[in-house]
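Visitor: Turn this into a structure:
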Amino acid sequence: MKLHQLSLFLENRPGHLLNACRTLANAGINVETMALSDTEQFGILRILVKEWERAKKVFEDKGIWVKVTEVIAAKTPNRPGGLADLLEQVAKIGLNVEYMYGFDSMVLNSALLVLRFDDPDKALRLLTENGVEIVGESELFQNK
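Guide: Numbering: from 1, shown residues only. All right, here's what the predicted structure looks like:
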């Protein structure tokens, strides 16, 4: 139950983030969650959308470079210590987190942590074996 995340490399200039978001809006594609990180010259916009293949094509047709990455979304209680408890499980089984971002899902009534590992298949197997509740695309995008 891996998710397909789109990563866009955007110049760190006014309007580039807007252009990416407007491109999705004009295509009628809703963003479930996103994270933006930056350096001096460019930003990386990471997004989860239901129709990731169509979104990828829409971006490419507009000349926006996009990369598809497999990530894992894990449920965690939305309470003090929920994140620490999940990360304790991750550390206990020896997984290294490359990056992560979180959001609250009203549909799932839970906080979700989106995690990127160097080996998503191994991470998925180990997390599942150790009782971490993983969310797939059908569950994440239900009712969308």
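Visitor: for E133, what are its contacts?
Guide: E133 is in contact with A74, K75, counting by Cβ atoms under 8 Å, 6 or more residues apart in numbering. (Each C-beta comes from the backbone N, C-alpha and C, glycine too.)
Visitor: same deal with the one 4 residues further on?
Guide: Contact partners of E137, counting by Cβ under 8 Å, 6+ apart, are M1, L3, H4, K50.
Visitor: Put the buried members of those residues into a PyMOL selection.
Guide: Of the contacts of E137, the buried ones can be selected in PyMOL as follows, counting by 16 or more other Cβ atoms under 10 Å:
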select buried, resi 3+50
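Visitor: Could you point out the longest strand of the protein?
Guide: strand 66-76 (DSSP state E).
Visitor: Note down every partner strand of it and its orientation.
Guide: In the sheet, strand 66-76 lines up against strand 3-11 (antiparallel), strand 110-117 (antiparallel), strand 134-135 (antiparallel) (DSSP bridges).
Visitor: Looks to me like E40 is in a helix.
Guide: No: E40 is assigned coil when assessed by DSSP: H, G, I helix; E, B strand; the rest coil, not a helix.
Visitor: confidence score at the residue nearest to it when sequence neighbours are not counted?
Guide: Sequence neighbours aside, N12 is the residue nearest to E40 in space, at 6.7 Å (criterion: Cβ to Cβ, 6 or more residues apart in numbering). Here the pLDDT value assigned to N12 is 81.
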